[in-house]
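Chemist: following is a predicted model, sequence given first.
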Amino acid sequence: MARQGHLDIHGVAKQFRVNGAPLPVLDAVDLSVASGEFLTVVGASGCGKSTLLRLIAGLDRDYHGDIRYDGAPIAGPSLDRGLVFQEPRLFPWLTVTQNVALGLLNADMDAASKRRSVAEHIVLVGLSGFENAYPHQLSGGMAQRAAIARGLVNRPSLLLLDEPFGALDALTRARLQTELQRIWAHERITMVLVTHDVDEAVYLGDRVVVMAPRPGRIAETFDVGLAHPRDRADAGLLRVRNAVMAALQATTGPDGLWPGKAQARSATIHITPEQVAA
């Protein structure tokens, strides 16, 4: 079967053990991500967003339920699924070119093809001229660009992003959000991004999943319904943003803390083009 980046998650539950007692982290998560879709996941700290991403990446196989990638169960990490972490995690003794090339370490490609792919992806993320720079010579945004290039260089059909812009200043973050949108449009691969930032989730996502905490579960899903590229000041985008924010606030108590017995609503919210334009 040709791989296209389609993801199906059914009944996924996950728990850790803390002081010998079970701590539920995820419960009954059901989610389907279409090939080529940009899905964003937003939720409070500790709601299981990053844990879910690790399960999709195949880094953790201790869970209940079923996760399938293009119809096949996920059995572990794969070159078909790229991963970008919260920090760039570049090796300080390697240049940008060498760090990006690590993404091809196990790829079935000859040396010339690897060099060509690395060069193409350095250009793609806007790091031309910095091929031989070391991480300490890069800004935080440039280092994260290198990390994105490393995640893409093997041309995965699914790219997972774990709050990749969380540590950046507001201006750099906005610029890289726009760059990521451009890269997604160019590569046409499936992307799943988890974030705390509602504005980021709505600006980038075709759909936005809101997760509720303790244990982590899907509260609501929003179809954004707006074409890319997007204008941050667009009234329709702001309406979706406000709806997502309201759903996120409903997962916490009035003081911003998790409610003791809150129940997440299992629903999909469709905002029509007529509502966006209203």
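Modeler: Great, that's in hand.

Chemist: give me the mean pLDDT for stretch 180-190.
Modeler: For stretch 180-190, mean pLDDT is 92.

Chemist: and what of stretch 235-243?
Modeler: Mean pLDDT, computed over stretch 235-243, is 95.

Chemist: gap between it and the chain center?
Modeler: Distance of stretch 235-243 from the chain centroid (CA atoms, centre = their mean, to the nearest Å) equals 21 Å.

Chemist: could you pull out the strands for the stretch 51-200 of the chain?
Modeler: 64-69, 72-73, 81-84, 158-162, 190-195 (DSSP state E, counting those that start in this stretch).

Chemist: most tightly packed of those?
Modeler: Greatest average neighbour count among the strands of the stretch 51-200 of the chain goes to strand 190-195 (a mean of 25), per mean count of other CB atoms under 10 Å. Quick note: C-beta positions are derived from backbone N, CA and C, even for glycine.

Chemist: got the angle for it vs strand 64-69?
Modeler: Following axes from the mean of the first three to the mean of the last three CA atoms, to 10 degrees, one obtains 130 degrees for the angle between strand 190-195 and strand 64-69.

Chemist: and strand 190-195, what other elements does it pack with?
Modeler: Applying 3 or more CB pairs under 8 Å, 6 or more residues apart in numbering; DSSP states H and E, one finds that strand 190-195 contacts strand 38-43, helix 49-57, strand 158-162, helix 170-187, helix 198-204.

Chemist: follow-up on the earlier one: CSV for the strands of the stretch 51-200 of the chain, including distance to Leu53?
Modeler: Shown next, in CSV, are the strands of the stretch 51-200 of the chain (distance: least, CB to CB, whole Å):
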stretch, distance to Leu53
strand 64-69, 11
strand 72-73, 17
strand 81-84, 8
strand 158-162, 5
strand 190-195, 6
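
Chemist: out of these, the one nearest Ala133 is which?
Modeler: For Ala133, the closest of these is strand 81-84, at 19.1 Å, according to CB to CB.

Chemist: average pLDDT across that closest one?
Modeler: 92.

Chemist: that strand pairs with which strands?
Modeler: Sheet pairing of strand 81-84 (DSSP bridges) gives strand 158-162 (parallel).

Chemist: which residues sit in contact with the spatially most central residue of the chain?
Modeler: Centroid-nearest residue in the chain, with CA atoms, centre = their mean: Leu193, separated by 1.6 Å. Leu193 makes contact with 38-41, 160-161, 164, 180, 200-201, 204-205, according to CB atoms under 8 Å, 6 or more residues apart in numbering.

Chemist: now the buried members of those.
Modeler: 38-41, 160-161, 164, 180, 200-201, 204-205 (16 or more other CB atoms under 10 Å).
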